[in-house]
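[1] fold the following, please.
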Amino acid sequence: MTIAFTASLALAIAGFRAAPPDEQGVPPRHLESTASDDETLAGFRAGLGPIGVPVLAMSIPRQTTSADLERACRLLEVGTALKERLFAAHKSALISDDAFRARRLPAVFGLAAEVVKPSAPLSAEQIAQFARDLAGARRKVLADMLAQEREALQAALGGEELGPAELESLDAIAQIRLVELVEMAVATPDCAKAGVGRLIDTRGRQVLGDASIGIARAIYRDALPELAGLARGHQLAFGRSIGIGAKFTLASRIEKQFGSVPANVVADWIGERAAARRNVARAGERIFEANRAVVESICAAIGGAEAERLRNQYDRLVFGLFASGAWDASALLKAEPGAGVDPADSDLQPLIREYEAESGARLRELQRAFIRYQVLEAGSMGVRRDDWARAREQLASIQRRGRDETLLLLDQLRARIDPPKRDAWDAAVDRFRAAAEEAAMRQLDALDPQFAKR
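    Take a look at the predicted model:
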């Protein structure tokens, strides 16, 4: 690196009284923050850099709150005595976390500030090394941060004297923490951010009884190691993406400001950055698939109406308007018996069952297409209009097949209705058709509102 660049990194951060280099030996860069020490520490607790200082987004996790610990204790069904000890230990652990963040984060944010506003020209080789240093510093800070959170809780609880149940709870709390970091990550499909633990904790009481809540929590606890492993893989991919993004951003700004990096090198790094973002998006997709499998396991275990309600809650969180098929007439068949159709008619049962199976398959196909677009969108710096149009047409094609098959069924049912009752049936079908057309259009527009409005 240049002398000027090295010197700029060696300066102490304003407000931190000559902060020392971090454990990797990376010295902090001088940051002209306008915030007080208390305000800066509050920002570090939130995972943010100093107030008023532009920095590359590092996605440092916010500090674990008492609400986070409360949710973890509920999911893990921690006993009252241990819970009280955990909350007492948490107060002590926060002091350790404050000290860790104040000691370690300034250097990382100093490097992140250099990416946004470089202070000296660098060669392509120096930029690549800088990006590796930044990604490595962030990776080590996060690993150490998560480790010290657990160690601080363990020390406050009694250190090496803890029993197996207490250590198991600490391990599970750390796993929940890792899983929930996915919810805060950019370049991750929204479907991956609808975690099963948060679903059970926030929506479970609305749809499940006490016994089923216990079953759901137990299945979630069994799945935690797998979910945490996927979250760890996601975090590694995410960290690499930040490092590669930093390389591209720094190169672009140095090329513009100093002209010391060839434009073709900057262009080459665009593809590398895009590939890294796609890897993060695919890692998120794997987390979504695991979450959905856990939800299905819970539903299979509890069964009945509770399972249906829980699945519907999850589908609404993940799929939004795509949680149901716009042209699914199942509700019409159940809600309009007075119009002349009797769903209990034994002659109609095979026809209705076949239709409902096909309708369910179409809905799953529609949802898969929606998730694929989410992954594409999350893994792109900007979705092209052609990609959006292609995805929209795919969804519209599935909708049209649903419409054609539904209208064919409704015509078949109409032929079985006594003529005097057909007017009532036709009126019910007209209402359904108008609502279905509107719902189908809302789905297509929701695929990506930025394009739909143009």
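[2] give the buried residues for stretch 192-204.
    A192, K193, A194, G195, V196, G197, R198, L199, I200, D201, R203, G204 (16 or more other Cβ atoms under 10 Å). Glycine gets a C-beta too; all of them are placed from N, C-alpha and C.
[3] again, but for stretch 209-228
    Within stretch 209-228, the residues that count as buried by 16+ other Cβ under 10 Å are S212, I213, I215, A216, R217, I219, Y220, R221, A223, L224, L227, A228.
[4] quick one: the last one and L178 touch, right?
    Yes: A contact is recorded between A228 and L178 when judged using Cβ atoms under 8 Å, the distance being 4.9 Å.
[5] tell me where the model's unsure across the protein.
    Scanning the chain with the threshold set as pLDDT under 70 gives 1-35, 335-346, 452-454.
[6] center of it, which residue is that?
    What sits nearest the mean C-alpha location of the chain, by Cα atoms, centre = their mean, is K193, with 2.5 Å.
[7] in contact with that one, which residues are there?
    V182, E183 (Cβ atoms under 8 Å, 6 or more residues apart in numbering).
[8] what sits closest to T188 if chain neighbours are left out?
    Among residues not flanking T188 along the chain, G284 sits closest, at 4.0 Å (Cβ to Cβ, 6 or more residues apart in numbering).
[9] no wait, S252
    Distance criterion Cβ to Cβ, 6+ apart; nearest residue to S252, sequence neighbours excluded, is V266 at 5.5 Å.
[10] kindly report the same for R203.
    Residue nearest to R203 in three dimensions, not counting chain neighbours: Q313, with 4.7 Å by Cβ to Cβ, 6+ apart.
[11] what's the host helix or strand of the one you found in contact with?
    Assigned by DSSP states H and E, Q313 belongs to helix 304-319. By Cβ under 8 Å, 6+ apart, the residues outside helix 304-319 that reach it are 190-191, 194, 196, 199, 203-204, 206-209, 212, 216, 288, 292, 295-296, 298-300, 302, 323-324, 367, 370.
[12] so what secondary structure elements neighbour the helix or strand hosting I244?
    With elements taken from DSSP H and E, the one containing I244 is helix 210-257. Counting contacts by 3 or more Cβ pairs under 8 Å, 6 or more residues apart in numbering; DSSP states H and E, helix 210-257 is packed against helix 66-76, helix 80-116, helix 124-157, helix 164-181, helix 196-207, helix 263-302.
[13] try 6 Å
    Packed against helix 210-257, as judged by 3 or more Cβ pairs under 6 Å, 6 or more residues apart in numbering; DSSP states H and E, are the following elements: helix 80-116, helix 124-157, helix 164-181, helix 196-207, helix 263-302.
[14] buried stuff in the second one?
    Spelled out, that is helix 124-157. Under 16+ other Cβ under 10 Å, the buried positions of helix 124-157 are 124, 126-128, 130-131, 133-135, 137-142, 145-146, 148-157.
[15] show me what that helix packs onto, helices and strands only.
    helix 80-116, helix 164-181, helix 210-257.
[16] dump those into CSV; add distance to R277 as well.
    CSV is the format used below for the helices and strands packed on helix 124-157 (distance: least, Cβ to Cβ, whole Å):
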stretch, distance to R277
helix 80-116, 17
helix 164-181, 18
helix 210-257, 6
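[17] pull the number of nearby residues for L333.
    The number of residues packed near L333 is 21, by other Cβ atoms under 10 Å.
[18] can you tell me how far it is from E125?
    Distance of L333 to E125, computed by Cβ to Cβ, to the nearest Å: 68 Å.
[19] same thing with N264?
    As defined by Cβ to Cβ, N264 lies at a distance of 15 Å from E125.
[20] sec struct for W327, please.
    coil (DSSP: H, G, I helix; E, B strand; the rest coil).
[21] which non-adjacent residue is nearest it?
    G402 (3.8 Å).
[22] circling back: what's the next helix or strand after the helix holding Q313 packed up against?
    Counting by DSSP H and E, the element after helix 304-319 in chain order, helix or strand, is helix 330-335. Applying 3+ Cβ pairs under 6 Å, 6+ apart, one finds that helix 330-335 contacts no other helix or strand.
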